[in-house]
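[1] my questions concern the predicted model and sequence given below.
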There are 2 protein chains.
Amino acid sequence: MIWPAAMNEHRTIPAPAALIADMGARARAAAAIVAQAPTTVKSAALRHAAIALRESKDAILAANAEDMARGSANGLSPALLDRLKLDAERIEGIAGALESVASLPDPIGEIIDSSTPPNGLELSRVRIPLGVIGIIYESRPNVTADAGALCLMSGNAAILRGGSEAIESNRAIHRCLVTGLQKAGLPGDAVQLVPTTDREAVGAMLRANGLIDIIVPRGGKGLVARVQDEARVPVLAHLDGICHTYVHAAAEPEMARNIVVNAKMRRTGICGAMETLLVDANFPDPASLVTALIDAGCEIRGDAAVQKLDDRVIAAQPADWDTEYLEPIASVAIVAGMEEALAHIARHSSGHTDVIVTDDPEAADRFLASVDSAIVMHNASSQFADGGEFGLGAEIGISTGRLHARGPVALEGLTTYKWIARGKGTVRG
Amino acid sequence: MIWPAAMNEHRTIPAPAALIADMGARARAAAAIVAQAPTTVKSAALRHAAIALRESKDAILAANAEDMARGSANGLSPALLDRLKLDAERIEGIAGALESVASLPDPIGEIIDSSTPPNGLELSRVRIPLGVIGIIYESRPNVTADAGALCLMSGNAAILRGGSEAIESNRAIHRCLVTGLQKAGLPGDAVQLVPTTDREAVGAMLRANGLIDIIVPRGGKGLVARVQDEARVPVLAHLDGICHTYVHAAAEPEMARNIVVNAKMRRTGICGAMETLLVDANFPDPASLVTALIDAGCEIRGDAAVQKLDDRVIAAQPADWDTEYLEPIASVAIVAGMEEALAHIARHSSGHTDVIVTDDPEAADRFLASVDSAIVMHNASSQFADGGEFGLGAEIGISTGRLHARGPVALEGLTTYKWIARGKGTVRG
């Protein structure tokens, strides 16, 4: 469904439930076509879209200027306005990301495994697209291109619902995706943008069981919580990234300091940032970790033992152990040993990424086996928790759920499989 | 949680929500232990359970006699009473099934893939258990052992909720599972049986988000529909098995006849039984298919063209194309060609198993690629849709959902994975 840019507020958009039902039906039809599109055709669509983006730079900037002006008038925060803002460099970044997704290995058609059981059937499991993916996101317009590209490259149709503050920017970028699809001979309905900013459209997507196969929310905790709470469609997401680093007794002190400071301070606003540091009571130099963090500009909220290490430490409150700060603040506790560290993580981790620093391989193995999080690391910074860093080439999101896909999710996580059985007139005895 | 058999109706069982919360917490604790149990220990638990079953034969038969007597008094149908009934042979079958699951390859710990991206991390995805599996089933007491065994062998804890009519039989079988667990040094809480027949306990399980990771309903359509409708926990199931066989123009007539009769009549009550036959208008001998089915005892409900083939054909009503008979009844339509067959299946298939019979390899490939069902077959009977026949060694169920696991699900479908990243003090630049 292409909504011409010329349409304005007076256009007739159906009520949200009917709108999503119609978009879902069109998406399902388009999904059947893109599911069988060769890799070269899907790649071509994304490369054409990148060309269209570059050619439409002025129109995109104009649309973005509208959003920015409305955002300023509505009093959006500087941080939100920065996420919303596009410039020539950011548009080039979006185009480059489309080309990068176009070059990723195509998961569709992969034979996951095959066998010939005694009944003589030739059996295989073949990777196929999930179907229709719903993406619900906030102010960053680049998600329109990124998410649409990942869905298409994995053979899926996408229904995109961006933030109302970015609607004109999203429309302008979306037009380029549709141009790319059409130039490659694929249906424009394969990547649709919800044309209304009515919040009820989100509700309609969340209830669109059978029309949308999976919902991926991209944004702040408020959005993810609403989606997880209301959705009747399966959701691929993480609510919190309360990531722990456990500095074991046998950790090398300088390595521990480097990892801890990087895990917290490299970028504090990402979900893989460390929020809680657990220091083993037998680690030789706990004060150096706390001091290094404070010297790097981090506020430390510590338990009683940590407060003795540096007089700049603030007393932690119980809620601190369950808080994702996303700021230069960390909670720090001294733990008696591995047992207490594992218990703390089991109780407070959000299941995203948890790290042990140690030179003792047995302690590392025990931690990696016992901690039940999507990502567990040894002697590394939790800031690596990212699809790009994990070699996936991109990321639609990080999932802390247990089903289907866990941790960073890119193309493979947007697929499923079917069983193919070939017989020779084979009947069951 | 072990509820001694001696407890009777006067025992104190908490209200359903509190009961399930308590069982869930115990299951979670047990799951952490069985998740890390070596294969040999899990196998030993199942072999000990098989021994306990054989040794407890008289007690199980006595418990089953109670259920049968109560069932007869309550007017259960002969079919239900047959499903409920245990005898020496059936108990031996249950014990053998436990031993068979004990011999299956253990999926836990499998390294799904590994890589070393440019950042230097050593990355791998390792298969781990899902966690806590809820099984909700009806009258067959053998499900207590089968489902409990599959959950345990895949490193999961199980919460079993069988039909109230089988409660004494289930308790007796469950005691043997707990004996097996304990003899192997595993927590008895790893396989728990809901001790109450209060239907509200099912509702509490369905809402036990965070306590139970996935629900597998085993039983009739009413049960599955209720579970799918009410569950806030993910559900692995199929509602219907409306399986199609499309006899293409280029099908070999004798092969087509054999497959069609087998697919419908071998066992009519299983989900993989054919319910609808689509015959290509260019298939040379459509009457032979219809006649063979009728001669085998099948009632045929056909469209106008089919009614002309044999005067025993009954006129199909619109609802017939969406009906899972599970009886010796089939709906039959003549279709103009592949296009119409695909459209009929897209509209009416339940996404379980659909089959093409043809000697034309291109037609076969097109059908296998286009039909969006969990299982697609070429020149074979849909009655093969079964975990055992697919070489999985067992089956917890068949899923027509698109996420996580599709088609027959055994041990692998009860697992997920975690990412393990090993660094050398690796920090992100």
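    All right, it came through fine.
[2] make it CA atoms for all contacts and neighbour counts henceforth
    Fine.
[3] can you give me the strands for the stretch 201-350 of chain A?
    Secondary structure of the stretch 201-350 of chain A (DSSP state E, counting those that start in this stretch): strands at A:214-218, A:243-247, A:274-280, A:299-302, A:314-315, A:329-335.
[4] how distant is the second one from the center of its chain?
    Pointing back at strand A:243-247 there. Relative to the mean C-alpha coordinate of its chain, strand A:243-247 is positioned 22 Å out (Cα atoms, centre = their mean, to the nearest Å).
[5] for chain B, give me its nearest residue in the stretch 201-350 of chain A.
    Nearest residue of the stretch 201-350 of chain A to chain B: A:Met255, at 5.4 Å (Cα to the nearest Cα).
[6] including mean pLDDT and distance to chain B, could the strands of the stretch 201-350 of chain A go into JSON lines?
    As requested, the strands of the stretch 201-350 of chain A are arranged in JSON lines below (pLDDT from 0 to 100; distance: least, Cα to the nearest Cα, whole Å):
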{"stretch": "strand A:214-218", "mean pLDDT": "95", "distance to chain B": "8"}
{"stretch": "strand A:243-247", "mean pLDDT": "98", "distance to chain B": "12"}
{"stretch": "strand A:274-280", "mean pLDDT": "98", "distance to chain B": "12"}
{"stretch": "strand A:299-302", "mean pLDDT": "98", "distance to chain B": "21"}
{"stretch": "strand A:314-315", "mean pLDDT": "98", "distance to chain B": "27"}
{"stretch": "strand A:329-335", "mean pLDDT": "98", "distance to chain B": "18"}
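[7] need the winner for burial among those strands.
    Most buried of those, by mean neighbour count (mean count of other Cα atoms under 10 Å in any protein chain shown): strand A:243-247, with a mean of 31.
[8] what's that one packed up against?
    Secondary-structure packing of strand A:243-247 (3 or more Cα pairs under 8 Å, 6 or more residues apart in numbering or on different chains; DSSP states H and E): strand A:274-280, strand A:353-357.
[9] CA atoms of the shortest one as CSV?
    To tie it back to what came earlier, the one meant is strand A:353-357. Extracted in CSV, the C-alpha atoms of strand A:353-357 (Å, rounded to 0.1, in the frame of the first residue of the first chain):
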residue,chain,number,x,y,z
THR,A,353,24.5,-10.0,28.7
ASP,A,354,26.5,-11.0,31.7
VAL,A,355,30.3,-11.2,32.0
ILE,A,356,33.0,-12.8,34.1
VAL,A,357,36.5,-11.6,34.3
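[10] still on that earlier bit, closest to B:Arg90 out of the strands of the stretch 201-350 of chain A?
    Comparison of the strands of the stretch 201-350 of chain A against B:Arg90 by Cα to Cα identifies strand A:214-218 as nearest, at 41.9 Å.
[11] and that closest one, what does it pack against?
    strand A:132-137, helix A:221-230.
[12] gap between that strand and the chain center?
    With Cα atoms, centre = their mean, you get 9 Å for strand A:214-218.
[13] need the contact partners of that strand.
    A:132-138, A:206, A:223-224, A:227, A:233-237, A:396-397 (Cα atoms under 8 Å, 6 or more residues apart in numbering or on different chains).
[14] name the helix or strand for whichever residue of the stretch 301-429 of chain A sits closest to chain B, please.
    As assessed by Cα to the nearest Cα, chain B sits closest to A:His404 within the stretch 301-429 of chain A, at 3.8 Å. Using DSSP states H and E, no element contains A:His404; it sits outside every helix and strand.
[15] what's the burial count for it?
    Using other Cα atoms under 10 Å in any protein chain shown, A:His404 is surrounded by 19 other residues.
[16] next one: the one 5 residues further on
    As a burial measure, the neighbour count of A:Val409 was computed by other Cα under 10 Å and equals 22.
[17] following the longest helix along chain A, which helix or strand shows up next?
    If each helix of chain A is counted by residues according to DSSP state H, the longest one is helix A:16-34. Next along the chain after helix A:16-34, taking DSSP H and E as the criterion, comes helix A:39-55.
[18] determine how far whichever helix or strand comes after that following helix lies from the middle of the whole chain.
    Downstream of helix A:39-55, the next assigned helix or strand under DSSP H and E is helix A:57-73. Distance, stretch centre to chain centre, for helix A:57-73: 26 Å (Cα atoms, centre = their mean).
[19] and helix A:57-73, which residues are buried?
    Buried residues in helix A:57-73, counted by 16 or more other Cα atoms under 10 Å in any protein chain shown: A:Lys57, A:Ile60, A:Leu61, A:Ala62, A:Ala63, A:Asn64, A:Ala65, A:Glu66, A:Asp67, A:Met68, A:Gly71.
[20] how about the residue in the stretch 101-250 of chain A that chain B sits nearest to, nearest residue that isn't a chain neighbour?
    Taking Cα to the nearest Cα, chain B has its nearest neighbour within the stretch 101-250 of chain A at A:Pro117, 5.6 Å off. Among residues not flanking A:Pro117 along the chain, B:Gly391 sits closest, at 5.6 Å (Cα to Cα, 6 or more residues apart in numbering or on different chains).
[21] okay, that neighbour and B:Phe384: tell me how far apart.
    According to Cα to Cα, to the nearest Å, B:Gly391 stands 11 Å off from B:Phe384.
[22] the more surrounded of the two?
    Each of B:Gly391 and B:Phe384 has its neighbours counted (other Cα under 10 Å); B:Phe384 has more, 22 against 17.
[23] I'd say that one and A:Arg428 touch.
    Yes: the pair B:Phe384 / A:Arg428 is scored as a contact, 6.3 Å apart, by Cα atoms under 8 Å.
[24] what is the neighbour count of the residue lying closest to A:Arg26 once chain neighbours are set aside?
    In this structure, A:Arg26 finds its nearest non-sequential neighbour in A:Asp189, 6.2 Å apart by Cα to Cα, 6+ apart. Neighbour count of A:Asp189, defined by other Cα under 10 Å: 24.
[25] tell me the residues of the stretch 201-350 of chain A that contact chain B?
    Counting by Cα under 8 Å from any Cα of the partner chain, the positions of the stretch 201-350 of chain A adjacent to chain B are A:Asp213, A:Pro234, A:Met255, A:Ala256, A:Asn258, A:Ile259, A:Asn262, A:Ala263, A:Arg266.
[26] which among the residues you listed end up buried?
    Neighbour-count burial (16+ other Cα under 10 Å) applied to those gives A:Asp213, A:Pro234, A:Met255, A:Ala256, A:Asn258, A:Ile259, A:Asn262, A:Ala263, A:Arg266.
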